[in-house]
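**Q** can't give you the sequence, but here's the structure:
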Ligand code: FES
């Protein structure tokens, strides 16, 4: 499949954007795609990032490209299917990071979604007709070994309902999970685990997360909010008052 960069008169820095990867196999797949993109004639360099869970995160990869003076940066969402709200989220999120940065950002472009490209039909035909297909039932099923019941006392629920998703819950989730891994939050302090959930109720406060056992609801959370909740609430037991919303019984909006 060809990524058409013909509109750019200078070689682009391509950022392949996938949703998440937490194990080595999808990371290797992204490395292969990155190497393939880097070999294209109009591409000066290629990298990859994840909009949700995975390293590097979109924020990290973009900041590295900006710091390296890359211009233009072309984001290629290799996400199927792609919700139209994804591009809205992407634009708003990049604008927010851009506004918070002290250095000017280069032009950032985004390619059309892969699902809308006619070449996808050829690709589908190629894989469906491929002699590399294999039966799924030729592997042995291993007996379950049982599970350890978690001892962690804190739970963070990240709302992935529609309004929260459109407001960037994916990046909140990804940042939380990346930090959970980096800071060993499962075994630090009281021990924390996290989970995605459907609508938690106060959709106007999106993106929303809730920390148990207190049941504290946090609204309007972004990556820096996650950092504060980790250090103050998960590790210190102190609620972050300016992000927390108490059950007052009356309707509340983001402050
Ligand atoms: S969708 Fe997140 S609180 Fe309703």
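**A** Nice, I can see it. Quick caveat, the model's predicted, so the values are computed rather than measured. Residues are numbered from 1 along each chain as shown.
**Q** List the contacts of residue 198.
**A** Contacts for residue 198 were tallied using Cβ atoms under 8 Å, 6 or more residues apart in numbering; they are 159, 160, 161. To be clear about C-beta, it is placed using only N, CA and C from the backbone, and glycine gets the same treatment.
**Q** Give the burial count for the last one, as a bare number.
**A** When neighbours are defined as other Cβ atoms under 10 Å, residue 161 has 18 of them.
**Q** now do the one 3 residues further on
**A** Residues lying near residue 164 (other Cβ under 10 Å) number 27.
**Q** With residue 14 instead?
**A** With other Cβ under 10 Å as criterion, residue 14 counts 28.
**Q** Ok, residue 47 next?
**A** 20.
**Q** in what helix or strand does it lie?
**A** strand 43-50 (DSSP states H and E).
**Q** Tell me which other helices or strands that strand touches.
**A** With contacts taken as 3 or more Cβ pairs under 8 Å, 6 or more residues apart in numbering; DSSP states H and E, strand 43-50 sits against strand 12-18, helix 24-38, helix 58-67.
**Q** How about residues contacting it?
**A** By Cβ under 8 Å, 6+ apart, strand 43-50 touches 3, 5, 10-21, 30-31, 33-35, 37-38, 40, 56-58, 60-62, 64-65, 70, 174.
**Q** and these, which are buried?
**A** The neighbour-count test (16 or more other Cβ atoms under 10 Å) marks 3, 5, 12-19, 21, 30, 33-34, 37, 56-58, 61-62, 65, 70, 174 as buried among the contacts of strand 43-50.
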